[in-house]
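Enquirer: Here is a sequence together with a model predicted from it:
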Amino acid sequence: MCLLALDWQPGTPVPLRLIGNRDEFHARPAAPLHRWATASAPQITLLGGRDEQAGGTWLAANAFGTVAALTNVRDPGEETPANAPSRGELVCRALTCRHLPRWLDELANSAHQYAGFNLLVATPERLWHLHHRRGAATLNTVAPGIHGLSNADLDTPWPKVEALRHAARQWPAHGDFPGPALAAIQDDRQAADSALPDTGVGLSLERTLSSAFIRGDTYGTRATTWLSVTAAGRVAMTEQRFMQGGQFIGSASEAIG
């Protein structure tokens, strides 16, 4: 994914609500929201979209109520390791590993094999964030509250992150999900130049990437997905899909757990 917001409230009937956008090249093949399994763990059913080029995913859940989401990190000082594996495989591995806390600790020590990434992994009781950039990785437990994430660290105040967090703050007050956050995450307005980060891609591309929803002919927002997780581990997920120019092409909703 490239932008998401979440409301993390452990100990409540619905500990996690999350909404996010996946931005990608339109030519890269992907399967829509569906149930599937990896070759390495065929006994575990996953729910989510799937990258048909590398085989991983950007957001998925399993039947035990675990959710994992990944964003890439844009960093002008980052050098991608030679022959780096696909970061999308990390979501699959998080949802199929035998001991999640141990696996996350091991990943923090081996993250240098990958290009920069953020990995969020949530059970109904705990939420972890692993941030990897410039050869260093940090693993933390996320505090309760409203959080936003794009292609920097958690809660980095990029304009589109702050706008989405502001909209997500209305979830607890009104019980409306995804509510205003859906409008915010599908806002195609670009940020002012003075508010743009410098992620090493040049001013023109920084402008394009500053909008929450990107309407491009070769690259853009391919999906908007939102989900909720109950304390009992049931995950309800909805995905809207888009093609070139942000044209809507379909939606699907399904639950697991």
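Expert: That came through, no problem.
Enquirer: Number of residues surrounding the residue nearest to Arg169 when sequence neighbours are not counted?
Expert: Excluding the flanking residues, the one nearest Arg169 by Cβ to Cβ, 6 or more residues apart in numbering is Ile146, at 5.3 Å. C-betas here are computed from N, CA, C, even on glycine. Neighbour count for Ile146, taken as other Cβ atoms under 10 Å: 21.
Enquirer: What residues does Ile146 make contact with?
Expert: The contact partners of Ile146, taken as Cβ atoms under 8 Å, 6 or more residues apart in numbering, are Ala5, Leu6, Asp7, Arg165, Ala168, Arg169, Trp171.
Enquirer: The first one looks like it's in a helix, true?
Expert: Read that as Ala5. No - assigned with DSSP: H, G, I helix; E, B strand; the rest coil, Ala5 falls outside any helix and is strand.
Enquirer: How are the strands of the stretch 51-200 of the chain distributed by residue range?
Expert: For the stretch 51-200 of the chain, strands defined by DSSP state E, counting those that start in this stretch occupy the ranges 59-62, 67-72, 117-122, 127-133, 136-141, 145-149.
Enquirer: so what secondary structure elements neighbour the second one?
Expert: In terms of contacts (3 or more Cβ pairs under 8 Å, 6 or more residues apart in numbering; DSSP states H and E), strand 67-72 is packed against strand 3-8, strand 16-25, strand 59-62, helix 89-96, strand 117-122.
Enquirer: give me that answer again for 6 Å
Expert: On a contact count with 3 or more Cβ pairs under 6 Å, 6 or more residues apart in numbering; DSSP states H and E, strand 67-72 meets helix 89-96, strand 117-122.
Enquirer: what lines up beside that strand in the sheet?
Expert: Strand pairing for strand 67-72, determined by DSSP bridges: strand 59-62 (antiparallel), strand 117-122 (antiparallel).
Enquirer: Quick one: residues in contact with the shortest one.
Expert: Contacts with strand 59-62, where a contact means Cβ atoms under 6 Å, 6 or more residues apart in numbering, come from Met1, Ile44, Leu46, Leu47, Gly48, Val67, Ala69, Val91, Leu95, Thr225, Val235, Ile256.
Enquirer: Since that was my last question, I'll sign off now.
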